[in-house]
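Undergrad: I'd like to go over a predicted model; first the sequence, then the structure.
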Amino acid sequence: MPARHRRPAAALAATASLALFATACTGSANNGATDDPKAETRITFWHGWSAPSEVKAINDSVRRFEKAHPNIKVDVVGNINDDKLNQALRTGGSKGPDVVSSFTTSNVGKFCSSGAFADLGPFVEKSKLDLEKIIPKTLLDYTQFEGKRCAMPLLTDAYGLYYNKDAFKKAGLDPEKPPKTYSELLATAKKLTKPKGDGFEQLGFMPNYHGYETTTEHYLGSWGPSYFDANGKSAVASDPAFAEMMTVQKKMVDELGGYAKLEKYRTTFGDEWGAKHPFHTGQVAMQLDGEWRLGMATDAKVPFEIGVAPMPVPDGRAADYGKGFLSGTIMGIAPQSRKQNAAWELVEFMTTDTEAVVAFANGIRNVPSTFEALKSPNLTFDPRFKTFLDIAQHPKSNTPAGAVNGAAYLNTIQDFALQYEKGAVTDLKAGLEKTARQIDTDIAKAK
């Protein structure tokens, strides 16, 4: 079951709630890290998982920690969204958490720069962890900001392309040859699309930004742009990847039926997290999605064979095929905690112990977040899941850069892209330049 941060609407809400961090207490590993981690103690861990299978998996992981560290007891509190977490970290107090987790990797820049999460650098150094040998680079990048590490990655999300092999066969397409470039994606989607009245019996691919998981940053994972230049200014207008992606995406929207027709069809879709997801029902034959969709589609007992592949890449970058967008859950320490050494013991165990990472990944069907766990023979995944393990380790897989105002700049990009895809804005160059100026202004105000 996926974590809630994958919903675009939730990302917007989480960004709005980050205003609370403006007055967050600044913390560091030297603040409250005087406790003896070998003494009998009790710490509190807040997380956001809520589904029974997820809660069981996190509780099992904590029990393994307690067995390895019998002097430390952990009180686990689940279903904590970013609003609740932000409020607790802002106000502090003895009833707040010691260890925290969040599904919103795009907010790490805010977490680190505001002091909302404690600086983990001294703890990493004390534990003599060579993180570059333990954790893939992209994951290390999205858990630090401007040289400050305030979080550790706790499992990974890798995005790829799901496709209906039965639909491929019916359309005369080779089910073992999914599209590898965006031109191939559009051509394949057209062959898979079956019009019906003013809508569709089957849509080859839902390209618009209101579609499930088809956000600008997820598409941009195929391009791997630089979100900011060397001077820290927005590169939305200067890096050609943004204009290229939006041009390609709009072409898909226009040639697969147009914005209005696609939007009308989208209203017939079932819930993203339920059995009636449009990929499950056959309404959409190809779907950009995260690793969790394979398990969810299998659980829904879809009546067709599922294919899994990396997302296509730009036509001129065929050699990059295999990379993708990465995200994941992050884990840190509350700066107000007076038991930070004991808290670090839990964070280090859950994020770097191979057996712990593998068991948790198996429990919630997410991608492991360490090199050793990624190649562990104890992973119990469907063989098709290897696609996501490979994406997680691909040297060109990527994620958006951090910013002091968290995900706000990504929402600004998405807002503009929405206007462009539906034709409300026609001058792409001018629109991107305006978007870049807005991002720079917003970041300057947030500092």
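TA: Happy to help now that I have it.
Undergrad: from here on, contacts and neighbour counts on C-alpha atoms
TA: OK.
Undergrad: where in this structure is pLDDT low?
TA: Filtered on pLDDT under 70, the chain yields the residue ranges 1-32, 91-94.
Undergrad: pull the longest strand from it.
TA: Taking DSSP state E as the assignment, the strand of the chain that covers the most residues is strand 152-164.
Undergrad: show residues contacting the helix or strand following that strand.
TA: Taking DSSP states H and E as the definition, the helix or strand that follows strand 152-164 towards the C-terminus is helix 165-170. Contacting residues not belonging to helix 165-170 are listed as 174-175, 192, 285, 304-307 [C-alpha atoms under 8 Å, 6 or more residues apart in numbering].
Undergrad: excluding sequence neighbours, find me the nearest residue to the spatially most central residue of the chain.
TA: Against the mean C-alpha coordinate of the chain, by C-alpha atoms, centre = their mean, the closest residue is Ser327 at 3.0 Å. Of all residues not flanking Ser327 in the chain, Asp157 sits nearest, at 5.0 Å (C-alpha to C-alpha, 6 or more residues apart in numbering).
Undergrad: residues contacting that neighbour?
TA: Contacts for Asp157 were tallied using C-alpha under 8 Å, 6+ apart; they are 290-291, 326-328, 366-367, 392.
Undergrad: taking those one by one, which sit in strands?
TA: Secondary-structure check on the contacts of Asp157 using DSSP E: residues within strands are 290, 326-328.
Undergrad: that older thread, how close does the residue nearest to Ser327 sit to Arg365?
TA: Asp157 sits 10 Å away from Arg365 when distances are taken as C-alpha to C-alpha, to the nearest Å.
Undergrad: now do the shared contacts for these two.
TA: Shared between the contact lists of Asp157 and Arg365 (criterion: C-alpha under 8 Å, 6+ apart) are residues Glu291.
Undergrad: immediately after the strand or helix carrying Phe123, which helix or strand?
TA: Remark: Phe123 resides in helix 121-126, with elements defined by DSSP H and E. Note on helix 121-126: by DSSP H and E, the next helix or strand toward the C-terminus is helix 131-134.
Undergrad: just checking, what packs against the helix or strand immediately after that following helix in the chain?
TA: Using DSSP H and E, the helix or strand that directly follows helix 131-134 along the chain is helix 137-141. Contacting helix 137-141 under the criterion 3 or more C-alpha pairs under 8 Å, 6 or more residues apart in numbering; DSSP states H and E are the following elements: strand 152-164, strand 326-333.
Undergrad: how near is Leu374 to Leu154?
TA: Per C-alpha to C-alpha, Leu374 is found 13 Å from Leu154.
Undergrad: which neighbours do these two have in common?
TA: In contact with both Leu374 and Leu154: Pro368, using C-alpha under 8 Å, 6+ apart.
Undergrad: what's the nearest residue to Ala158 if we skip its chain neighbours?
TA: Distances taken as C-alpha to C-alpha, 6+ apart put Leu326 closest to Ala158, at 4.8 Å, once the chain neighbours are dropped.
Undergrad: run a quick neighbour tally on that neighbour.
TA: Leu326: 25 surrounding residues under other C-alpha atoms under 10 Å.
Undergrad: cool, Asp382 as well?
TA: Burial of Asp382, expressed as a neighbour count using other C-alpha under 10 Å, amounts to 11.
Undergrad: distance of it from Met152?
TA: Using C-alpha to C-alpha, we find Asp382 at a distance of 27 Å from Met152.
Undergrad: now swap in Asn398 and tell me
TA: Noted for Asn398: a distance of 17 Å to Met152, by C-alpha to C-alpha.
Undergrad: could you tell me the end-to-end distance of stretch 73-81?
TA: Terminal residues of stretch 73-81 lie 23 Å apart, using C-alpha to C-alpha.
Undergrad: please apply the same query to stretch 102-113.
TA: Start to finish, the residues bounding stretch 102-113 are 16 Å apart (C-alpha to C-alpha).
Undergrad: can you give me the helices for the stretch 251-400 of the chain?
TA: Using DSSP state H, counting those that start in this stretch, the helices assigned to the stretch 251-400 of the chain run over residues 259-266, 278-281, 292-299, 340-352, 354-364, 371-374, 386-393.
Undergrad: the longest strand of the chain: how far from the chain's middle?
TA: The chain centre lies 8 Å from the centre of strand 152-164; the measure is C-alpha atoms, centre = their mean, to the nearest Å.
Undergrad: list the contacts for Ala334?
TA: Applying C-alpha under 8 Å, 6+ apart, we find Ala334 in contact with 27, 89, 97-100, 116-118, 340.
Undergrad: what about Lys429, how many residues nearby?
TA: Counted with other C-alpha under 10 Å, Lys429 comes out at 13.
Undergrad: what sits against the spatially closest residue to it that is not a sequence neighbour?
TA: Nearest residue to Lys429, sequence neighbours excluded (C-alpha to C-alpha, 6+ apart): Ala237, at 7.0 Å. By C-alpha under 8 Å, 6+ apart, Ala237 lies in contact with 243, 429, 432-433, 435-436.
Undergrad: change it to 7 Å
TA: Taking C-alpha atoms under 7 Å, 6 or more residues apart in numbering, we find Ala237 in contact with 432-433, 436.
Undergrad: doesn't it fall inside a helix?
TA: No. The secondary structure assignment for Ala237 gives coil rather than a helix, going by DSSP: H, G, I helix; E, B strand; the rest coil.
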